[in-house]
Each structure stands twice: as structure tokens, then as C-alpha cells.
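Trainee: can you look at this prediction? I've put the sequence above it.
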Amino acid sequence: MSNPDEPSKNNDHAGSPSPPTTASTTADIENPAPAPGSGVSAITRRWKREDLMNRGSLVARGLAMVFSLLSLIIMASNKHGGWKNFDKYEEYRYLLAIAILSTLYSGAQALRQVNEMSTGKPMFERRISAMVDFFGDQLVAYLLISSTSAAIPFTNSLRSGQDNIFTDASASAISMSFFAFVSLALSAMVSGYKLSTQSYI
């Protein structure tokens, strides 16, 4: 025999109101879902920014290589007999040595970047590559400005006594080394930005 209270219990359960949804609605409003395609757009912008940085760094290092090579050639050929030979002066020998170093460094870095951009594969781990780029650019740029700073006062003293093809060539070589310094300084800024965006966790 059925219990007369059962229908009333079932009716009460069926007619009970659903649980409130105010909390979930508030959470949805406070944390809206990302718009479709926003993640893809952010990734595309990041890729474009990285590509621009890589191209800018390549141009800067290419210019540094050209200017360093010009400084090297001008100074190495600055031999006109007697006291007009660059190798008689320590300042000019130092300038030539740093120009050689800068040419080799900038050329090697430019070739590495061209290879990475053409193949799409980095030669080294990104974090290690960023650190080498940053410290290498800074070191060579410092050496370039150091060599030009040592050669400028000596050249000015020579030109005050006698201005000729030797002193003019020396001044031209110094100018090329300074332009190479500016190019590598710009490359160091790009390398510093790339290094700051690396994850170390």
C-alpha cells in the first residue's frame, strides 16, 4: 500500500526552484573570454617584432664590418716612408689591431645571422646566443671607441705641426672606426633587448 505522503514529496521536489546563478554570471562578466583570434594576433605581432629586430641587428653588424674593413685597409696602406709609416706609432698599431678584430667579429656574426634566417634554425640555444651577442657587441664596441680615443689626440698633434696625406689617411681610418663603433653600439642595444626578453625559468 502506497504512502499518501509520497506524491506530495515528489511534487514538492519537482516544483523546487533551480539554484541561483548570480555568482557564475558575475564571474563571467569580470573574466570575459578572450576574443577569437586574439592569441594568434599576439603571436604574429611577436614574430614580426623579432624578425624586425633580427634584420636591424644584421644591418648594424654588416655596417660595422664594412666600416672596420675600411679602417683596416686605410690604416694598413698608410705607409709613405720615413716617419709617415703607421707602424712606427703605437696608437695606430692599436687602431689597426682592433679594426681587424672588429672585422672578423662583425663578419662572423653577420654570416651566422644570414645562415639562421635562411635555414630558420638557430645555431645555438637562444638564451646562450643572446648572451654572446650582447656581451660580444659591447666588448668590441668598447675596444673600438678605446682605439679611436687613443688615436685622435695623437693625430691632432701631428696635424697641428704638418697636415699631409699621412695625417689625412690616419684621420679617415679613425673616422671609419668610430662609425663601426656606432653600428656595434646600435647592435648591442638590439642584443640587450633580445636578452631581456629571454625566460630563465
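Mentor: Everything's here; your move. Just so you know, these numbers come straight off a predicted model, no measurement behind them.

Trainee: which residues are in contact with stretch 92-112?
Mentor: Contact with stretch 92-112 is made by 58, 61-62, 64-65, 68-69, 71-72, 75-76, 78, 86-87, 123, 133, 136, 140, 143-144, 146-148, 150-151, 154, 170, 173-174, 176-177, 180, 183-184, as judged by CB atoms under 8 Å, 6 or more residues apart in numbering. Every residue, glycine included, has its C-beta placed from N, CA and C.

Trainee: which intervals of the protein have sub-threshold pLDDT?
Mentor: For the chain, the stretches flagged by pLDDT under 70 are 1-51, 198-201.

Trainee: quick one, helices of the chain?
Mentor: Along the chain, the stretches classed as helices by DSSP state H are 5-14, 22-30, 38-76, 90-119, 126-161, 165-196.

Trainee: buried among the contacts of stretch 92-112? Make that a PyMOL selection.
Mentor: Buried subset of these, written as a PyMOL selection, criterion 16 or more other CB atoms under 10 Å:
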select buried, resi 58+61+62+64+65+68+69+71+72+75+78+86+133+136+140+143+144+147+148+150+151+154+170+173+174+176+177+180+183+184
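
Trainee: picking that back up, tell me which of the helices of the chain sits nearest to residue 82.
Mentor: helix 165-196 (9.4 Å; CB to CB).

Trainee: could you name the helices and strands sitting against the closest one?
Mentor: Here helix 165-196 touches helix 38-76, helix 90-119, helix 126-161, going by 3 or more CB pairs under 8 Å, 6 or more residues apart in numbering; DSSP states H and E.

Trainee: so can I have a markdown table of those showing distance to residue 195?
Mentor: As requested, those are exported to a markdown table (distance: least, CB to CB, whole Å):
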| stretch | distance to residue 195 |
| --- | --- |
| helix 38-76 | 11 |
| helix 90-119 | 15 |
| helix 126-161 | 4 |
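
Trainee: gap between residue 60 and residue 83?
Mentor: Here the criterion is CB to CB, to the nearest Å. By it, residue 60 lies 37 Å from residue 83.

Trainee: okay, those two: which has more neighbours?
Mentor: More crowded of residue 60 and residue 83, by other CB atoms under 10 Å: residue 60, with 24 against 10.

Trainee: now do the same contact list for that one.
Mentor: Neighbouring residues of residue 60 by CB under 8 Å, 6+ apart: 183-184, 186-187, 190.

Trainee: nearest to residue 166 among those?
Mentor: Of all these, residue 183 has the smallest distance to residue 166: 26.5 Å, by CB to CB.

Trainee: how long is stretch 117-132 end to end?
Mentor: 18 Å (CA to CA, to the nearest Å).

Trainee: stretch 79-93 too?
Mentor: 12 Å.

Trainee: one step back: could I get the contacts of residue 60 as a markdown table with distance to residue 94?
Mentor: As requested, the contacts of residue 60 are exported to a markdown table (distance: CB to CB, whole Å):
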| residue | distance to residue 94 |
| --- | --- |
| 183 | 20 |
| 184 | 17 |
| 186 | 24 |
| 187 | 22 |
| 190 | 28 |
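
Trainee: out of these, flag the one nearest to residue 91.
Mentor: residue 184 (20.5 Å).
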